[in-house]
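>>> pasting a predicted model and its sequence here:
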Amino acid sequence: MLDPRRALTFREVARQRSFSRAAVSLSLTQPAVSQQIRALELQLGEQLIERRRGQFELTAVGELLLEHAEALHERLQLAKLQLGESAGAARRQLRLAAFPSALATLVPSAIARLHAETEIEVSAVQGSTEDAVAAVRDGRAHIALCFQDASLPRREHAGTRRSDVLEEAMLATVGRGHRLAGRKRIRLAELADDPWLAATRDGLIVRACRTAGFEPRLAYLTEDPLAINSFVAAGLAVTLTSELLAPHFRHVSVLALAGGAPRRTIYAVAPPGRMHPLAGAFLNALR
């Protein structure tokens with residue numbers, strides 16, 4: 001069986017790219033660190049590190065072991081944090097992360113429901129999917145809300161578990177002075193000549209436009225709900241808005257899409273194993 005202490009020592013050597021610096025970081029002697037790495041290589045029957053002419057490189061086996069050592073370190077740090085939160089006061093604290101439009105719609109109402117049922121302390125931060133998942137992995141967040149294009153394969157994040165919350169359609173959103181503003185339903189391709197606003201250059205909105213047969217001319221990149229509303233209301237761009245966010249927009253026209261609207265799935269990410277009780281309650285409140 002692989003010795004976890006040696007694996008963590010190897011992780012620090014790889015991180016520091018030096019036996020001597022790793023020894024200082026771990027409060028060990030350099031010979032002790034070298035001995036642990038040699039023992040690990042003997043146990044695995046593989047060389048983990050190549051050192052020649054002042055260069056420090058991990059072998060292919062070393063790179064693979066580092067992935068597992070990093071995962072082990074993350075799990076131990078998370079366990080330490082969760083065990084430290086076992087006291088009653090800490091169990092009444094919920095930390096969550098979410099993408100901007102979820103913070104503007106789903107999250108406030110869910111937190112309000114929790115407050116109505118029990119005395120709790122909640123903190124929330126905005127972040128991309130990558131940032132939110134990282135916060136769950138290292139214990140900064142008990143639960144995170146993410147989303148993905150529903151047409152893509154289900155996205156899983158290593159070291160976490162996923163729970164789907166809902167699926168929603170995307171709606172065309174234009175200024176009230178737009179030539180199509182009086183319509184109830186349009187084809188996405190009818191917006192091919194307009195300037196567009198999107199969160200990224202390769203996300204759901206851009207993929208939907210390409211599927212409709214055109215490359216959107218991206219004039220503005222933002223995921224801030226207030227900024228989106230302002231740019232579209234001013235007639236500067238068109239965009240796709242989620243069903244959840246659309247009712248909160250002002251001075252715009254929201255139009256259904258003919259021929260099958262793009263959809264997105266909103267899902268929650270939490271650590272594997274037993275979920276923090278308030279995270280479970282929050283997830284139920286979302287539904």
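Sure, I can see it. Quick caveat, the model's predicted, so the values are computed rather than measured. Residues are numbered from 1 along each chain as shown.

>>> hey, let's count contacts and neighbours off CA atoms from now on
OK.

>>> helix or strand next in line after the lowest-mean-pLDDT helix or strand in the chain, which one?
Averaged element by element with mean pLDDT, DSSP states H and E, the chain has its least confident helix or strand at helix 88-91 (a mean of 55). Remark: after helix 88-91, the chain's next helix or strand is strand 93-98, criterion DSSP states H and E.

>>> where does Leu218 fall, phi/psi-wise?
Main-chain dihedrals, Leu218, degrees, to the nearest 10: phi -80, psi 110.

>>> which residues pair with it across the strands?
Under DSSP bridges, the beta-bridge partners of Leu218 are Trp196.

>>> what's the angle between the helix or strand hosting Cys146 and strand 93-98?
Secondary structure from DSSP H and E places Cys146 in strand 143-149. With axes from the mean of the first three to the mean of the last three C-alpha atoms, to 10 degrees as the basis, strand 143-149 and strand 93-98 are set at 20 degrees to each other.

>>> and for the next helix or strand after strand 143-149, what's in contact with it?
Using DSSP H and E, the next helix or strand after strand 143-149 towards the C-terminus is strand 161-175. For strand 161-175, the surrounding residues in contact (C-alpha atoms under 8 Å, 6 or more residues apart in numbering) are 150, 156, 180-181, 188, 232-235, 237-244, 246, 251-257, 261-272, 283, 286-287.

>>> if we can go back for a sec, now the strand holding Cys146: mean pLDDT?
Here strand 143-149 scores 97 as its mean pLDDT.

>>> and if you look at stretch 125-137?
Averaged across stretch 125-137, pLDDT comes to 93.

>>> which parts of that stretch are buried?
Burial within stretch 125-137, assessed by neighbour count using 16 or more other C-alpha atoms under 10 Å, is assigned to 125-129, 131-137.

>>> grab the two from those that are most spread out in space.
Farthest pair in these (C-alpha to C-alpha) is Gln126 and Arg137. Separation: 15.9 Å.

>>> so which of the buried residues of stretch 125-137 belong to strands?
Applying DSSP state E to the buried residues of stretch 125-137, the entries found in strands are 125-126.

>>> now, the buried residues of stretch 125-137 that are in helices?
Among these, DSSP state H puts 129, 131-137 in helices.

>>> make JSON lines out of these and add distance to Ser101.
Below are those laid out as JSON lines (distance: C-alpha to C-alpha, whole Å):
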{"residue": "Thr129", "distance to Ser101": "12"}
{"residue": "Asp131", "distance to Ser101": "15"}
{"residue": "Ala132", "distance to Ser101": "14"}
{"residue": "Val133", "distance to Ser101": "17"}
{"residue": "Ala134", "distance to Ser101": "19"}
{"residue": "Ala135", "distance to Ser101": "18"}
{"residue": "Val136", "distance to Ser101": "19"}
{"residue": "Arg137", "distance to Ser101": "22"}
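
>>> Ala71: which of the residues you listed is nearest?
When these are ranked by distance to Ala71 (C-alpha to C-alpha), Arg137 comes first, at 9.3 Å.

>>> alpha carbons of stretch 125-134, as CSV, please.
Below are the C-alpha coordinates for stretch 125-134, written out as CSV (Å, rounded to 0.1, in the frame of the first residue of the first chain):
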residue,chain,number,x,y,z
VAL,A,125,-19.3,34.8,-3.2
GLN,A,126,-19.6,35.2,-7.0
GLY,A,127,-17.3,33.1,-9.2
SER,A,128,-16.9,31.2,-12.4
THR,A,129,-17.5,27.5,-12.5
GLU,A,130,-13.8,26.8,-12.1
ASP,A,131,-13.5,29.2,-9.1
ALA,A,132,-16.7,27.9,-7.5
VAL,A,133,-15.6,24.2,-7.8
ALA,A,134,-12.1,25.1,-6.5
